[in-house]
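Novice: Show me how the following folds:
(one chain, ligands or ions: 2)
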Amino acid sequence: MFSSLLPAETASASETLDLGRRLASVLEAGDVVALVGDLGAGKTHLAKGIAAALEVDPDTVTSPTFTIVQEHAEGDLLHLDLYRLEGDEVGRLGLDEMLDGDAIAVVEWPERGAEWLPPRTIWLRLTHLGGDRRRIEVEQP
Ligand SMILES: Nc1ncnc2c1ncn2[C@@H]1O[C@H](COP(=O)(O)OP(=O)(O)O)[C@@H](O)[C@H]1O
Ligand SMILES: [Mg+2]
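Specialist: Ligands and ions are numbered 1, 2, ... in the order given. Purely as a prediction, here's the structure:
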């Protein structure tokens, strides 16, 4: 579905944000986007871009590490960060129900909850290429 946009390389945070904006234009209600990549790879910046396309102020989109999930656009966008979840916590979170609706969901550190993400999840990988360069590509789970 992203074949015209990915793989991509960006050379700045704002280019990654812009890529997120363009990716959002092919997303539909209920889509779940899993963002795999190390700390600083640009996952949150890609999420900011997706949010911007949904008319959410990107400044309000921050890594939801401590809250695990943040709602934006009156619930039309969910931004999750599973980094801090341990053991069976992720099971108790009710991810499958949370991701069952019409919201677009963007999930950072999705590996922590892979078994709870729906089969339709779109997996993307972000790779630090050194300096300000990042590669963004579709990853088959
Ligand atoms: N091409 C780029 N894309 C995204 N972020 C970049 C890029 N170049 C530099 N950066 C910087 O790298 C960091 C990425 O942070 P963030 O988006 O929070 O990553 P993550 O959520 O993967 O930890 C930010 O400080 C950003 O300014
Ligand atoms: Mg982040």
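Novice: Tell me who's in contact with the nearest residue to His72 once chain neighbours are set aside.
Specialist: Computed as CB to CB, 6 or more residues apart in numbering, the closest residue to His72 that is not its neighbour in sequence is Val56, at 4.5 Å. Where C-beta positions appear, they are placed from N, C-alpha and C, glycine not excepted. In this structure, Val56 makes contact with 72-73, 77, judged by CB atoms under 8 Å, 6 or more residues apart in numbering.
Novice: Val56 sits in which helix or strand?
Specialist: Under the criterion of DSSP states H and E, Val56 resides outside all helices and strands.
Novice: Enumerate the residues of the protein near ligand 1.
Specialist: The chain has residues 10-13, 15-16, 37, 39-45, 63, 108, 132, 134 near ligand 1, with proximity defined as CB under 6 Å from any ligand atom.
Novice: same thing but 5 Å
Specialist: Within the chain, the positions near ligand 1 by CB under 5 Å from any ligand atom are 10, 13, 16, 39-45, 132, 134.
Novice: if you look at these, which of them are in strands?
Specialist: 10, 134 (DSSP state E).
Novice: how close does the residue nearest to His72 get to ligand 1?
Specialist: Using CB to the nearest ligand atom, to the nearest Å, we find Val56 at a distance of 16 Å from ligand 1.
Novice: Select only the buried ones of the contacts of Val56 in ChimeraX?
Specialist: In ChimeraX, this line selects whichever of the contacts of Val56 come out buried by 16 or more other CB atoms under 10 Å:
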select :72,77
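Novice: Could you single out the nearest of the contacts of Val56 to Gln140?
Specialist: Nearest to Gln140 out of these is Leu77 (CB to CB; 24.8 Å).
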